[in-house]
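Colleague: below is the sequence, then the predicted model.
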Amino acid sequence: MNAPITALLDTISSPAQLRQLTRLQLKPLADELRQFLLNSVARTGGHLSSNLGTVELTIALHYVFNTPEDRLVWDVGHQTYPHKILTGRRDRMDTLRQLGGISGFPRRDESEYDTFGTAHSSTSISAALGMALAAKAKGEDRRAVAIIGDGAMTAGMAFEALNNAGVADGKLLVVLNDNDMSISPPVGALNRYLAQLMSGQFYAAAKHVGKQVLKGAPPLFELAKRFEQQAKGMVVPATLFEKFGFNYIGPIDGHDLDSLIPTLENIRQLMDAHEGPQFLHVVTKKGQGYKLAEADPVAYHGPGKFDPAVGLTKPATPPKATFTQVFGQWLCDMAAADSRLVGITPAMREGSGMVEFQRRFPDRYFDVGIAEQHAVTFAAGLACEGLKPVVAIYSTFLQRAYDQLIHDVALQNLPVVFALDRAGLVGADGATHAGAYDIAYLRCIPQVSVACPADEAECRQLLSTAFAQDHPVAVRYPRGAGVGAAQPEGLDGLPFGKGELRRKGRRVAILAFGTLLYPALGAAERLGATVANMRWAKPLDTDLLREIARTHEAIVTVEEGCVMGGAGSAVMEALQAEGLALPVLALGLPDSFIEHGDPAKLLSLQGLDAAGIERSVRERFGALLDGASGLKVVA
Ligand SMILES: Cc1ncc(C[n+]2csc(CCOP(=O)(O)OP(=O)(O)O)c2C)c(N)n1
Ligand SMILES: CC(=O)[C@@H](O)[C@H](O)COP(=O)(O)O
Ligand SMILES: [Mg+2]
């Protein structure tokens with residue numbers, strides 16, 4: 001495909017240059033930007049639909065507001081590629097989400113225009129309010145704008161912030177970017193309410209008023225006031241957002257620069273006149289301008305590389321099943337076998353492998369929206385009544401619901417299964433999405449067990465084991481596929497809390513937790529070491545540990561999770577409790593955030609591939625391995 005024409009875009013390397021353009025130049029700029037974006041994401045992979053939808057909004061915000069002095073805070077941040085392109089990072093778009101390249105999300109250390117680091121949703125209003133009130137406290141004259149999607153708006157945190165912001169006196173604007181989509185179709189009462197606001201007469205009337213505004217001659221501030229009064233008077237006496245204390249304006253067409261710019265200019269004046277917190281409802285389309293993404297915004301939410309002329313295609317050879325798919329299959333099979341099973345997702349139906357479960361068991365499927373805290377307590381309630389909830393949740397997003405996990409589930413010892421996807425490094429999304437902490441944050445909670453399957457077969461089996469328990473159990477598994485272990489038929493579990501010896505060696509034993517079993521086996525071949533597949537971080541198989549400690553001189557633990565407080569720590573605690581003094585080398589993720597990049601490469605950089613494990617063991621226990629009476633390395 002020919003490179004898109006970017007004559008106007010070529011002149012913009014900062015918003016200050018954008019602000020030099022005439023209003024008439026903005027539409028052609030938007031067209032160029034959209035084309036550039038599409039071609040760029042098609043080369044790298046990344047979040048596409050949301051970014052196609054924010055092209056005009058991004059241009060309008062940077063055109064009207066004095067960025068970076070005025071603060072733009074993007075919620076989630078997966079829709080900030082147009083913002084990145086307009087703020088001097090266009091020539092680095094080809095490095096997006098790759099090792100050493102720019103992030104797929106806003107990062108304070110990447111650009112002064114990225115005012116707040118994000119990737120987990122629903123933080124923007126809180127952060128922007130903080131910035132607005134800090135400006136006031138410091139006597140600085142600047143504005144703060146939160147841009148939040150209709151999906152992100154469903155989270156409790158967004159409402160906590162609205163509740164606070166509505167009575168606070170800062171120069172704050174909340175822009176609700178309503179595309180009537182989360183990753184999948186949105187759910188819940190808020191979505192229904194927004195649909196009402198968007199529907200029929202009101203939307204048409206608001207558009208009409210927008211046009212009138214453009215034609216009119218009076219000063220902008222007067223127009224803003226009139227617009228506001230007319231819009232309110234005409235259709236909605238008081239929207240939900242007005243009840244929260246905001247001045248609600250909209251909905252307006254978020255792809256129409258002729259509506260967006262005068263409206264934002266008016267709002268800017270209202271902010272400067274200290275007219276209280278402002279709320280602008282804009283309507284956009286996910287995938288706007290690329291027909292295939294418009295038709296299937298879910299598939300184009302976060303695609304890999306593709307040819308824009310062709311669109312997404314099926315791979316010639318079917319790829320190995322992912323752990324997510326293994327979970328999805330298990331969920332359906334177990335649901336068919338046990339009518340008590342109910343499945344819960346906080347807005348991650350596709351990512352968590354629940355599409356088929358929803359299709360087959362619609363009455364037992366609950367998408368609760370982006371609401372992890374609610375998801376966990378809701379599961380607790382279901383469990384109180386004798387149902388068997390399975391909460392499918394990314395490891396990183398369960399962090400949001402930590403108190404609910406302890407207070408509502410664990411303390412009451414409720415039999416909730418946590419299917420913890422994306423455990424370990426996730427690759428392109430980077431540190432915000434890494435499931436690095438779950439072993440550490442789960443194993444310290446009384447009554448909670450943590451299973452770490454080494455491959456796809458064990459994943460299915462350990463899910464069954466978890467489901468059979470009478471207390472909370474998390475089963476953690478990584479993004480993507482494992483070694484490709486064949487799935488057992490049926491729903492038999494593995495013994496609860498028991499590991500297995502996988503390789504007999506001498507003097508040094510490697511205890512593997514999870515999928516790093518396989519590189520550990522590779523390293524052990526070369527080291528002549530013993531390998532145990534521990535399977536459970538909690539309860540630890542202390543019988544196996546005792547036996548290993550009795551017959552070996554050193555222990556190495558391996559896990560794709562943080563070393564501090566992780567499974568290696570559990571082993572050390574257990575040895576100490578048993579009075580067994582053995583040197584332990586704990587391998588896992590370090591006390592630092594791991595950036596985005598290819599997951600295999602990242603693991604290798606952390607020394608968690610076979611070569612890295614071998615290297616670390618030699619460095620630490622070389623004397624044992626090579627000593628006169630020690631093991632000889634197997635060539
Ligand atoms: C706390 C949290 N839960 C889940 C996600 C996963 N997630 C990323 S984007 C998204 C949908 C957001 O919808 P919306 O805010 O409407 O933005 P859109 O994708 O429509 O542009 C979800 C669920 C997340 N980033 N953070
Ligand atoms: C922005 C966001 O939070 C999600 O869209 C995330 O990028 C999903 O990643 P997966 O591809 O691992 O589902
Ligand atoms: Mg949305």
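Modeller: Arrived safely. Ligands and ions are numbered 1, 2, ... in the order given.
Colleague: hey, let's count contacts and neighbours off CA atoms from now on
Modeller: OK.
Colleague: my guess is Val473 contacts Ala466. True?
Modeller: Yes: using CA atoms under 8 Å, Val473 is in contact with Ala466, at 5.6 Å.
Colleague: shared neighbours, these two?
Modeller: Counting by CA atoms under 8 Å, 6 or more residues apart in numbering, the common neighbours of Val473 and Ala466 are Val417.
Colleague: name the residues of this structure found near ligand 2, please.
Modeller: Counting by CA under 6 Å from any ligand atom, the residues of the chain lying close to ligand 2 are His78, Ala119, Gly351, Asp429.
Colleague: most surrounded residue in those residues?
Modeller: His78 (24 neighbours; other CA atoms under 10 Å).
Colleague: report the separation between the closest residue to Arg507 other than its chain neighbours and Ala623.
Modeller: Closest residue to Arg507 apart from its sequence neighbours, by CA to CA, 6 or more residues apart in numbering: His552 at 4.4 Å. Distance, His552 to Ala623, using CA to CA, to the nearest Å: 14 Å.
Colleague: of those two, which one has the most company?
Modeller: Higher neighbour count among His552 and Ala623: His552, with 16 against 13, using other CA under 10 Å.
Colleague: against ligand 2, how distant is the more buried one?
Modeller: 39 Å (CA to the nearest ligand atom, to the nearest Å).
Colleague: that residue contacts Lys504, correct?
Modeller: No: with contact defined as CA under 8 Å, His552 does not reach Lys504; the gap is 10.7 Å.
Colleague: list the contacts of the residue in the stretch 401-550 of the chain positioned nearest to ligand 2.
Modeller: Ranked by CA to the nearest ligand atom, the top residue of the stretch 401-550 of the chain for proximity to ligand 2 is Asp429, at 5.8 Å. Contacts of Asp429 were listed using CA under 8 Å, 6+ apart, and they are Arg97, Ser103, Gly104, His596.
Colleague: could you export these as a markdown table, including secondary structure?
Modeller: Formatted as a markdown table, the contacts of Asp429 follow (DSSP: H, G, I helix; E, B strand; the rest coil):
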| residue | secondary structure |
| --- | --- |
| Arg97 | coil |
| Ser103 | coil |
| Gly104 | coil |
| His596 | coil |
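Colleague: next, give me the two most distant ones among the residues you listed.
Modeller: Gly104 and His596 (8.7 Å; CA to CA).
Colleague: common neighbours of the two, please.
Modeller: Taking CA under 8 Å, 6+ apart as the contact rule, Gly104 and His596 both touch Arg97, Ala428, Asp429.
Colleague: out of those residues, who's nearest ligand 1?
Modeller: Using CA to the nearest ligand atom, those come closest to ligand 1 at Asp429, 10.0 Å.
Colleague: what does the pLDDT read for the closest one?
Modeller: Looking at Asp429, its pLDDT reads 98.
Colleague: what's the answer for Gly627, then?
Modeller: 57.
Colleague: show residues contacting the strand or helix carrying Leu603.
Modeller: Here Leu603 sits within helix 599-605, counting by DSSP states H and E. Residues outside helix 599-605 that contact it (CA under 8 Å, 6+ apart): Leu425, Val426, Gly427, Ala428, Ile594, Asp609, Gly612.
Colleague: now do the same contact list for the last one.
Modeller: Just to be clear, that refers to Gly612. Residues counted as contacts of Gly612 (CA under 8 Å, 6+ apart) are Ser604, Gln606.
Colleague: go ahead and confirm Ala299 touches Lys286.
Modeller: No: Ala299 is not in contact with Lys286 according to CA under 8 Å; the separation is 11.2 Å.
Colleague: common neighbours of those two, please.
Modeller: Common neighbours of Ala299 and Lys286 (CA under 8 Å, 6+ apart) are Ala293.
Colleague: higher neighbour count, the two?
Modeller: Lys286 (28 against 16).
Colleague: quick check: the more buried one touching Pro297?
Modeller: Yes: with contact defined as CA under 8 Å, Lys286 counts as touching Pro297 (6.0 Å).
Colleague: so what sits against both of the two?
Modeller: Joint contacts of Lys286 and Pro297 (CA under 8 Å, 6+ apart) are Ser49.
Colleague: outline the domain layout of this structure.
Modeller: 25-295, 323-476, 500-626 (the TED database).
Colleague: could you point out which of these sits nearest ligand 3?
Modeller: domain 25-295 (4.0 Å; CA to the ion).
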